[in-house]
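> predicted model follows, preceded by the sequence.
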Amino acid sequence: METTIVKQDERGLLFHKGSYKNVLKPGTYRHAGWSGNEIIVLEVSKAFAVHGKELALFRQDAELAQEVAFVDVQDNEYVLHYEDGRLVSVLSAGSYAYWNVLKEHRFTRVDIRQPELPAELAASMPMRLMSYCTVFEVASHERGMLHYNGVFQRELAPGKYYFWKNGPVGVQVKVVDLRQQQLDLTGQEMMTEDKITLRLNFVCQYQIVDPVRTLEIRGFEEQVYITLQLILREYVGTMKLDDLLRVKQEIGAYVLDRLNGHSPRFGVRFASAGVKDIILPGEVKDILNTVLLAEKRAQANLIMRREETASTRSLLNTAKLMEENGTLYRLKELEYLEKICDRVGSISLTGGGNLLEQLNALVGAKKAGDHS
C-alpha cells in the first residue's frame, strides 16, 4: 500500500493509468501499488500546472473548476493578473490557471489593438507595467502628433502618454515645438540691378501655429529657408546699390509682408524680419569710402568759405563804424595797445612828460604815419 498525505495548503490530483480522475481535498489517501493509481500533489500557493499535461484536460472537472481559475489570453490582448487586489503579472498570449484557495485571483483583459493604455490604468501606472509600455512625454511648449501605423489620429496636449509595446499597431508621436524660433540666412550672394554682387545676412522669427500642417511639409525648415531666399533675391535684384543702402531698414518690412502671405501654406506666423549685415566687395567698399571722403572734404571747404565770408563782412562793418566814429576808433587803438602790452615784457620811454602822454604821442605818431 502507498500512502499520500495532502496538506491544507495542497491539493491532490488522482490519475488512473495516466488518465485524470478527480481532485483530492486535504487528507490521507492509500492505494495499492498495482492498482494503477497515481496522486500528484500541488501547492495551492503556486500557479496550477501539471508537467506533461495540457490544461484542457482539467477544465471538465466541475469540482476542480470551483477552486481553479482558468484564463486564456488571445494574440491581440494582454491580461492583467491581480492577486488579492494587487497587480502581480501581465499575461501574454497563452493559457493559464491559478488556485483560488488561499488567494483571490482576478483578471482584466486589455485589447492591444487599441494601443493607448486606459486612462484609469495610466493614472496609477504600476511599476510592473513599465516594461510592457512605451512612454511619450509632451512638454508644456510642445504639441504631439499621434500616428497609428503612419496614420494621423489626434493632437496630444502637454502631458505623459503610455502605449502598449509589441502590439499589432505601430505607434509614433511626432513632437512640434511651439516656441518662437529663428531662421538665419547668412552670407547669401545677391546681385543688384546695377550688377554689383554683395553678400547679405538676414534673420526672421516665426512661430508654428498649425502643427498638423507643418508636419505635412517634407523638409519644413528647408522650404521656409528657400522661400525667404527667393523673396530677398527678387527684392535686391530690382534695386540699385545706392537705393538699397538708403532703404536698408525697409527691406525687413517688405520681406515680412511677403512671408506672411505664405503663412497658411506653412502653418506658421512670421513675427519679425530684418537685415543684419550688407557686405560689399572690397573694390566697391574702397570706391564708396573715396566718395564719402570727397563729400566730407567738399562740405568742410564750403563751411570754411562760409566762415571766411562772414569774417570779412564783420571786418568791413567794423571799419565803417570806426571811420564814422572817432571815439570808437580810439577805443579800438587802446584795445590793440592792451594786447601789445600783454605780449611785451617791458617798455622803455625817453623824454619828458608822464607815461600816459608818451603813449598818446606814440599812438598819435603812428596814426599820422598811416595817413601819410
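Received it, and whenever you're ready, just let me know what you need.
> what's the closest non-adjacent residue to residue 255?
Nearest non-adjacent residue to residue 255, counting by C-beta to C-beta, 6 or more residues apart in numbering: residue 273, 4.8 Å away. Just so you know, the C-beta spots here come from the backbone N, C-alpha and C atoms, and that holds for glycine as well.
> quick one: that neighbour is in a helix?
No - counting by DSSP: H, G, I helix; E, B strand; the rest coil, residue 273 falls outside a helix, being strand.
> which residues does it form a beta bridge with?
Beta-bridge partners of residue 273, counted by DSSP bridges, are residue 204.
> so what's it up against?
Residue 273 sits next to 202-205, 252-253, 255-256, 259 when contact means C-beta atoms under 8 Å, 6 or more residues apart in numbering.
> hmm, which of those are the buried ones?
Neighbour-count burial (16 or more other C-beta atoms under 10 Å) applied to these gives 202-204, 252, 255-256, 259.
> helices - which of those land there?
Using DSSP state H, the subset of the buried ones among the contacts of residue 273 located in helices is 252, 255-256, 259.
> is residue 228 in a helix, a strand, or coil?
Following three-state DSSP, residue 228 is assigned to helix.
> what about it, how many neighbours?
For residue 228, the neighbour count with other C-beta atoms under 10 Å is 24.
> how close does the nearest residue to it once chain neighbours are set aside sit to residue 313?
Leaving out its chain neighbours, the residue that sits closest to residue 228 by C-beta to C-beta, 6+ apart is residue 185, at 5.8 Å. Here the criterion is C-beta to C-beta, to the nearest Å. By it, residue 185 lies 58 Å from residue 313.
> quick one: which of these two has more around it?
Taking other C-beta under 10 Å, residue 185 and residue 313 do not tie; residue 185 has more neighbours (17 against 10).
> just the buried positions in the helix or strand that one falls within, please.
Element membership of residue 185, judged by DSSP states H and E, is strand 181-191. For strand 181-191, a neighbour-count test (16+ other C-beta under 10 Å) marks 183, 185, 188, 190 as buried.
> can you map out the helices along the chain?
Using DSSP H, the helices of the chain run over 62-65, 119-124, 211-215, 220-236, 241-246, 248-260, 263-266, 282-324, 326-343, 355-371.
> quick one on the thing from earlier: now the ones in helices among the buried ones among the contacts of residue 273 in a markdown table, with pLDDT and distance to residue 174?
Formatted as a markdown table, those follow (pLDDT from 0 to 100; distance: C-beta to C-beta, whole Å):
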| residue | pLDDT | distance to residue 174 |
| --- | --- | --- |
| 252 | 87 | 32 |
| 255 | 90 | 29 |
| 256 | 92 | 28 |
| 259 | 92 | 24 |
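> with distance to residue 94 added, can I get the residues you listed in CSV?
As requested, these are exported to CSV (distance: C-beta to C-beta, whole Å):
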residue, distance to residue 94
252, 67
255, 64
256, 63
259, 59
